[in-house]
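**Q** Sequence below, structure please.
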Amino acid sequence: QEISASDRAIVRFGLRHEDVDLWGGYGWKTPWYPHASFAWLASKDDAGLLGPIRFRAAYGKTGKIPSTEHLLFAVFQPVTPLEPGREPLERKAEVTTEREAGIDATLFGRVDGSVSWYSRRTTDVLMQSPAPPSMGFLGEIPSFGEIINRGVEIGIRTKVVDRPRLGWNVRIIYAHNHNELSKSESPPTLFASQQWYSEGVPVAAYGRRAVVSAVDADGDGVLDSSCLAPQPQPCEVQFGDVTYHPAFPPTEASLESAFRLGLVTLTVLVDHRRGHFLHNLTEASRCNFGRCADAYATSLAQETAIRQASVAGGNYLASGAFIENATFTKLRELALRLQAPAAWARGLGGHKLELSLAARNVATWTDYSGIDPEASAYGDNTLIVGDRASAPLPRSLSLRVSLTK
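**A** Numbers count the residues shown, from 1 in each chain. Predicted coordinates:
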């Protein structure tokens with residue numbers, strides 16, 4: 001349904017329900033899904049200091065059946081209790097509830113801005129949990145969890161200069177997302193190489209052990225042994241409790257600038273991502289076989305020395321010593337576009353002729369020691385990430401000629 005007041009305000013709302021029956025009678029519990037949105041054009045003045053201003057808000061629920069790999073667990077789950085005191089798994093759809101509010105405005109007739117705040121909560125997320133010993137070979141059982149995402153998105157676009165033969169446009173985008181596994185029916189679960197499901201931390205976060213002590217006990221200038229607390233054996237580096245770090249960037253920003261002079265336009269796109277980590281499994285494997293440069297060093301910086309001690313003690317994976325900060329800034333694209341004179345286009349039977357030269361993934365600035373902080377050996381997997389002899393994003397160069405008739 002829709003209700004509008006002139007052309008200044010509009011309200012939409014609706015209600016949806018679906019009954020899902022899969023695989024020979026396996027019914028799924030699905031609730032009602034309401035949704036509503038509101039928009040109000042507070043100002044329509046296009047000529048003044050403050051241009052059009054629009055406020056908006058939305059609320060909605062939606063659901064889906066769990067993904068295929070999880071669906072197999074649920075479908076073949078016995079209808080009788082798995083063990084004393086444990087109820088059979090209830091087949092429920094994953095339900096996402098989202099709230100959003102925002103404002104769009106124009107300033108000085110040339111600056112367009114947008115700010116959005118959102119809160120998204122997904123309940124009854126089907127997850128894999130360690131099975132009790134009584135289940136033997138099954139190894140994993142499904143359980144339910146809850147995930148929250150909250151954040152803000154800001155976009156600014158402006159025409160710094162707008163003249164017939166000279167132009168300069170700038171666009172800035174900023175986004176920050178707080179992700180958390182807010183509820184879980186299972187204890188912390190390791191499901192990939194040092195990536196965990198653990199209540200109260202980001203989904204698929206890396207588990208990295210804090211360094212309790214690092215002492216060169218034998219005075220040889222090298223930290224050459226390690227252990228995991230509370231193991232009693234003496235060692236020069238002792239790793240303590242697990243601390244969790246996001247595997248995906250919570251903060252992203254980009255800057256795009258297009259400068260036009262006559263028939264030539266230069267476009268630059270810069271991306272920045274921060275606050276996340278990446279497991280450098282490539283370096284961990286090389287150092288484990290004594291094939292990295294630091295393995296032959298006689299004096300090491302503290303962080304590098306601790307990593308080498310984790311290799312010597314056989315704890316380079318369990319300690320997460322090779323999980324590195326993957327914050328980066330990347331010159332994502334550099335493009336030059338030339339519009340040929342109209343006579344050239346007419347000579348070829350058209351009215352517009354353009355020549356474009358573009359380079360992508362041109363340069364990267366980062367403290368990550370691997371080849372590329374965006375590299376991952378797991379392709380399109382939505383949760384598992386890790387740099388295991390991964391190819392970096394390719395640097396490409398393209399040339400295009402286009403003729404418009």
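
**Q** And the strands in the stretch 1-150 of the chain, which stretches?
**A** In the stretch 1-150 of the chain, the strands defined using DSSP state E, counting those that start in this stretch lie at 2-5, 9-16, 20-22, 26-28, 33-43, 50-64, 94-107, 111-130, 140-162.

**Q** okay if I get these as CSV plus distance to Leu403, mean pLDDT and mean neighbour count?
**A** For the C-beta atoms, the positions are set from N, CA and C on the backbone; glycine is no exception. Converted to CSV, the strands of the stretch 1-150 of the chain look like this (distance: least, Cβ to Cβ, whole Å; pLDDT from 0 to 100; neighbours: other Cβ atoms under 10 Å):
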stretch, distance to Leu403, mean pLDDT, mean neighbour count
strand 2-5, 45, 88, 10
strand 9-16, 43, 94, 14
strand 20-22, 51, 65, 12
strand 26-28, 54, 63, 14
strand 33-43, 42, 93, 15
strand 50-64, 37, 90, 16
strand 94-107, 36, 94, 17
strand 111-130, 32, 88, 17
strand 140-162, 27, 90, 16
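
**Q** Helix, strand or coil: sort out the residue nearest the centre of the chain for me.
**A** Geometric centre of the chain, nearest residue: Phe248, 4.0 Å, by Cα atoms, centre = their mean. Three-state call for Phe248 (DSSP: H, G, I helix; E, B strand; the rest coil): coil.

**Q** per-residue confidence for it?
**A** Reading off the confidence values, Phe248 has pLDDT 95.

**Q** quick one: contacts for it?
**A** Asn179, Pro202, Ala204, His276, Val385 (Cβ atoms under 8 Å, 6 or more residues apart in numbering).

**Q** Checking my notes, the first one in a strand, right?
**A** I take that to be Asn179. Yes - counting by three-state DSSP, Asn179 falls inside a strand.

**Q** Please name the spatially closest residue to it (chain neighbours excluded).
**A** Pro202 (4.7 Å; Cβ to Cβ, 6 or more residues apart in numbering).

**Q** For that neighbour, grab phi and psi.
**A** Per-residue torsions, Pro202: phi -60, psi 150 (degrees, to the nearest 10).

**Q** right, and it touches Leu181 too?
**A** Yes - counting by Cβ atoms under 8 Å, Pro202 touches Leu181, with 7.3 Å between them.

**Q** If you rank the contacts of Phe248 by neighbours, which is first?
**A** Neighbour counts for these, by other Cβ atoms under 10 Å, peak at Val385, which reaches 25 neighbours.

**Q** Leaving out the residues flanking it, which one is nearest to that residue?
**A** Ser376 (4.6 Å).

**Q** what do you get for Thr327?
**A** According to Cβ to Cβ, 6+ apart, the nearest residue to Thr327 is Arg274 (4.1 Å).
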